[in-house]
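> Pasted the sequence and its predicted model underneath.
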Amino acid sequence: MISLLLVLAQAAGAVQGDPSIVAPGAKLERLFGDGFFTEGPAQAPDGSVYFSDITFVKASGYQAGHIWRWDPRTGTATVFRSPSGMSNGIVFDEQDRLVVAEGAGFGGRRITRTDMKTGKSWIIAGLYNGRPFNSPNDLVIDARGRIYFTDPRYSGHEPVEQPVQGVYRIDPDGRVSLVAANAGKPNGIAVSPDQATLYVASIDNGSFDENLSPETPTLPGRMALLAYDLAPDGSAKFRRTVVDFSPGVGPDGIGVDRDGNIYCAIPGRDRPGIHVYSPAGTELAYIPTPETPTNVRFGRGADKQTLFITAGKSLYRINVERSGYHPGF
């Protein structure tokens with residue numbers, strides 16, 4: 001069974017680009033393949049990897065969304081929490097608490113934080129200006145403990161109640177602020193190691209509904225990796241487009257290494273996989289994936305040079321030559 005999974009992972013093709021980013025012989029390994037639509041990998045202090053399984057309720061036979069935990073000691077995954085609130089992005093904070101972006105489609109449409117010792121959870125952002133969020137998608141924590149998250153809408157039956165698809169910040173005191181309303185349809189998000197740049201992935205498919213007929217005309221919008229100046233007070237100001245992917249598909253989830261390079265999960269038909277860019281927007285490396293990639297995050301500790309990748313129904317990993325950046329640890 002393991003050999004078959006390795007063959008599947010390697011079928012995507014060989015890595016390309018700068019060998020100081022990814023060694024030519026690096027192999028993609030499939031760790032799990034029984035999900036519906038995987039997202040948001042995050043490694044816990046004990047080495048286990050938590051990731052979302054977005055089940056798109058009707059299409060999955062009315063499954064209610066799951067968070068899986070992959071155990072490196074056994075090589076198996078078990079359900080950590082279900083219903084998941086239709087979790088998407090996941091991150092661990094400096095106190096090793098699980099912070100989750102819960103989306104729409106019978107989900108929580110909120111940001112929650114779970115104490116991993118007690119299992120108790122708190123809602124840390126549920127409304128903005130008295131109205132529910134559209135569908136919190138992905139999130140990142142900066143060195144000051146502030147949480148930034150994106151709030152697009154790709155699917156879900158609930159009304160769209162926010163006037164913009166924005167980028168928000170949650171301060172340690174619980175205050176929620178809208179920091180950007182000009183990112184198009186924001187998705188992945190990351191902070192540079194020097195805390196000076198907030199990276200936002202825009203992937204505007206031109207629709208709020210994943211169930212549209214393929215024959216229905218849509219008008220896709222911004223498809224780009226964007227850079228914002230991040231001020232010490234947590235405010236963000238648009239600086240430039242790092243990479244413009246139009247007329248192709250923009251990036252989904254993103255992560256950064258300690259040298260400031262950006263790792264983007266690109267789901268388009270043309271070269272789907274993980275594309276690595278310098279802060280200037282130069283492509284440095286490319287890791288093909290056999291399934292459509294949704295997110296990419298570095299591990300920690302002994303796995304600091306490991307990329308964990310969600311794609312299709314699966315969770316993958318690959319060793320790289322750079323160490324990942326995690327604010328706070």
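That came in fine, so what should we check first? Residues are numbered from 1 along each chain as shown.
> The closest residue in space to residue 83 that isn't next to it in sequence - how many residues pack around it?
Spatially, and ignoring its direct neighbours in sequence, residue 83 is nearest to residue 64 (3.7 Å; CB to CB, 6 or more residues apart in numbering). Any C-beta I mention is one placed from the backbone N, CA and C, and that applies to glycine too. Neighbourhood size, residue 64 [other CB atoms under 10 Å]: 14.
> looking at it, residue 64 is touching residue 54, isn't it?
No. Residue 64 lies out of contact with residue 54 (CB atoms under 8 Å); the separation is 10.8 Å.
> Give the residues shared as contacts by these two.
residue 86 (CB atoms under 8 Å, 6 or more residues apart in numbering).
> quick one: the strands in the stretch 151-300 of the chain?
Assigned strands in the stretch 151-300 of the chain, in chain order: 167-170, 176-180, 186-191, 197-203, 223-230, 236-244, 254-256, 262-266, 273-277, 283-288, 293-298 (criterion: DSSP state E, counting those that start in this stretch).
> Tabulate the CA atom coordinates of the first one in CSV.
Taking Å, rounded to 0.1, in the frame of the first residue of the first chain, the C-alpha atoms of strand 167-170 are listed here in CSV:
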residue,chain,number,x,y,z
VAL,A,167,-8.8,40.9,5.5
TYR,A,168,-9.3,41.3,9.3
ARG,A,169,-7.1,41.5,12.4
ILE,A,170,-7.9,40.2,15.9
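> who touches it?
Contacts for strand 167-170 (CB under 8 Å, 6+ apart): 111, 124-125, 128, 133, 146-151, 176-181, 183, 186, 189, 198, 200, 234, 236.
> for the host helix or strand of residue 77, packing partners?
Counting by DSSP states H and E, the element that carries residue 77 is strand 76-81. Using 3 or more CB pairs under 8 Å, 6 or more residues apart in numbering; DSSP states H and E, the elements in contact with strand 76-81 are strand 66-71.
> Sheet-wise, list the partners of the strand it packs on with their directions.
strand 49-53 (antiparallel), strand 76-81 (antiparallel) (DSSP bridges).
> which one of these is the most hemmed in?
Neighbour counts (mean count of other CB atoms under 10 Å) averaged over each of those peak at strand 49-53, with a mean of 28.
> now that strand and strand 293-298, what's the angle there?
Relative orientation of strand 49-53 and strand 293-298, computed by axes from the mean of the first three to the mean of the last three CA atoms, to 10 degrees: 160 degrees.
> So which residues make contact with strand 49-53?
With CB under 8 Å, 6+ apart, strand 49-53 has contacts from 31, 35-44, 65-70, 72, 80, 84, 87-90, 98, 100, 299, 308, 310, 315.
> still on that earlier bit, next one: the residue nearest to residue 83 from residue 102, what distance?
Using CB to CB, to the nearest Å, residue 64 is found at 12 Å from residue 102.
> can you list residues touching both of these two?
Here residue 64 and residue 102 have 84, 86 as joint contacts, going by CB under 8 Å, 6+ apart.
> Identify the spatial nearest neighbour of residue 204, chain neighbours not counted.
residue 221 (3.3 Å).
> In contact with that neighbour: list those residues for me.
Neighbouring residues of residue 221 by CB under 8 Å, 6+ apart: 184-185, 202, 204, 206.
> any idea which of these is closest to residue 250?
Nearest to residue 250 among the contacts of residue 221 is residue 202, at 5.5 Å by CB to CB.
> Alright, that wraps it up for me.
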